[in-house]
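Enquirer: Give the three-dimensional model of this entry:
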Amino acid sequence: MTSSFFPGFALGFSLILAIGAQNAFVLRQGLRHEHVLPVVLTCAVSDAILIAAGVAGFGSLAQVVPGFETVMRYGGAAFLVWYGTRSLISAWRSHAGLEADPRNGGKTALRTVLLTVLAFTWLNPHVYLDTVVLIGSISAQYDDRLSFALGAMTASFVFFFALGYGARLLAPVFARPRAWQVLDALIGLTMWGIALKLVTM
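Expert: Coordinates of the predicted model:
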């Protein structure tokens, strides 16, 4: 098991480590102390489902369903442009820092947060390429594919929980309005950059 688990863990962790739309959203929720557990669980469980699908042989879905990849690319790009615009507007207009007490008003409804994180996860074609296609195809090289998949799934759980709950260590920095504006601006530009990459790939 060890010989397959750790390569799966290493691959899964390396693929998820890059800052993307989903990671930026998890970071923001962690900084706000807002619905962190449901957000990180949704991300990790979604990854686990996609990894399981890849290892089970669903990596050829894009080839089997005509237009699947195109619809995912443009749908994901449209969503990222919309969310990126919201973040940039927030960076321009907001003059408030992170409140010391996250129980104060202003929390976003859980349903809205979960729908947003689900969109970031399931409307991103790169997620399918990384989890279903890449991890699925590499797992075929190992005799114990189940252990390889469990390693990749574990990496997702470790990463998202560390990102979501570790973000609070940065809370003192984001008590300053300028720091929060910079983060929102970076998130917005990241979303636009990924959207541009999706429509030009």
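Enquirer: If you count neighbours, what's buried in the helix or strand residue 199 falls within?
Expert: Assigned by DSSP states H and E, residue 199 belongs to helix 177-200. By neighbour count on 16 or more other C-beta atoms under 10 Å, the buried set for helix 177-200 is 179-181, 183-184, 187-188, 190-192, 194-195, 198. Every C-beta, even on glycine, is put in place using the N, C-alpha and C of the backbone.
Enquirer: Now for the protein, the helix or strand with the poorest mean pLDDT.
Expert: helix 61-64 (a mean of 58; mean pLDDT, DSSP states H and E).
Enquirer: Tell me which helix or strand comes right after that helix.
Expert: Counting by DSSP H and E, what follows helix 61-64 is helix 68-93.
Enquirer: which residues sit in contact with the residue positioned nearest the centre of the chain?
Expert: Computing the C-alpha centroid of the chain and ranking residues by C-alpha atoms, centre = their mean puts residue 22 first, at 2.5 Å. By C-beta atoms under 8 Å, 6 or more residues apart in numbering, the contact list for residue 22 reads 43, 117, 120, 121, 124, 127.
Enquirer: which residue packs closest to the first one, ignoring adjacent ones?
Expert: Nearest-residue entry for residue 43: residue 160, 4.7 Å, with adjacent residues in sequence omitted and distances by C-beta to C-beta, 6 or more residues apart in numbering.
Enquirer: nearest residue to residue 31 other than its sequence neighbours?
Expert: That would be residue 167: by C-beta to C-beta, 6+ apart, it lies 4.9 Å from residue 31.
Enquirer: Then residue 57?
Expert: In space, residue 57 is closest to residue 136, 6.9 Å off (C-beta to C-beta, 6+ apart).
Enquirer: Now that neighbour: which helix or strand?
Expert: Counting by DSSP H and E, residue 136 is part of helix 136-139.
Enquirer: Residues in contact with that helix: which ones?
Expert: 8, 11, 51, 53-59, 145, 148-149.
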